[in-house]
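**Student:** Kindly generate the corresponding structure for this input.
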Amino acid sequence: MIAAEPSTDLLFPLSQFCRASDHPLPACEFIDGPIMPEPYRTLLVHHGDMTSRLEEFHRSPMKLRVLHRETDGCALRREVLLCKEDSGLPVEYGAIEINLAAFAEPLRAQILEGCQPLGGLLNRHGVRYRSEPRAFLKLAPDPVMDAHFALDGAHPLYGRSNVLLGDGDRVLARIVEVLRP
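**Tutor:** Numbering: from 1, shown residues only. All right, here's what the predicted structure looks like:
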């Protein structure tokens, strides 16, 4: 079973990765989706998957770069970057917990391989699901996020706390998604 989420922890599983690596959570504020500036509003405020939105926006397929992964048999937790396939530029950081029990083989094996973004896999396998954003985020500059995106400077980052739900509202994954400025 996927780990129970504290109801007040809208930054889970990012908060778990920060604790495990002993660095503080980036300072963030929760904002209303409709006031998020463009292009972040178009990319984040919706009930679809991020992979196809990012591919359309950046006009490039996305490839997955796994930064960290751990599994307990029931759930796979990983930190990832979605990068433009053509240039390798990282365009999204994701902290995700995937409910492995929600997926049959061979999809589960492909998820565990960590070669393709989850949204792309779900779409290719015809899995019915929807995104239910729990919160929209504005994050302060942070050395860890800056390093992921190879950035330097005082720029805000925007993201969302999201849950992917399958049939019967079964939790497929919990995700914190942060976009490159």
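**Student:** Would you map the helices across this protein?
**Tutor:** Remark: helices assigned in the chain by DSSP state H are 14-21, 40-44, 50-58, 107-113, 118-124, 143-149.
**Student:** contacting residues around the fifth one?
**Tutor:** Contact partners of helix 118-124, identified using Cβ atoms under 8 Å, 6 or more residues apart in numbering, comprise 49-52, 62, 96, 98, 107, 110-111, 129, 164, 172-173. (Each C-beta comes from the backbone N, C-alpha and C, glycine too.)
**Student:** Tell me where the model's unsure across the protein.
**Tutor:** Where the chain drops to pLDDT under 70, the residues are 1-8.
**Student:** do that again at 80, thanks
**Tutor:** Regions of the chain meeting the criterion pLDDT under 80 cover residues 1-8, 153-154.
**Student:** picking up where we left off before, distance to Ala75 and mean neighbour count added to the helices of the chain, as CSV?
**Tutor:** Converted to CSV, these look like this (distance: least, Cβ to Cβ, whole Å; neighbours: other Cβ atoms under 10 Å):
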stretch, distance to Ala75, mean neighbour count
helix 14-21, 11, 17
helix 40-44, 24, 19
helix 50-58, 20, 18
helix 107-113, 11, 15
helix 118-124, 13, 20
helix 143-149, 22, 16
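**Student:** hmm, back to that, export the contacts of helix 118-124 to a markdown table and tack on distance to Met145?
**Tutor:** Output for the contacts of helix 118-124, formatted as a markdown table (distance: Cβ to Cβ, whole Å):
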| residue | distance to Met145 |
| --- | --- |
| Asp49 | 22 |
| Met50 | 17 |
| Thr51 | 20 |
| Ser52 | 23 |
| Met62 | 18 |
| Ile96 | 16 |
| Ile98 | 22 |
| Leu107 | 30 |
| Gln110 | 28 |
| Ile111 | 25 |
| Tyr129 | 27 |
| Leu164 | 22 |
| Leu172 | 25 |
| Ala173 | 21 |
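**Student:** Can you tell me which of the residues you listed comes closest to Thr71?
**Tutor:** Thr71 lies nearest to Ile98 out of those, by Cβ to Cβ, at 9.0 Å.
**Student:** Can you get me a residue count around that closest one?
**Tutor:** 25 (other Cβ atoms under 10 Å).
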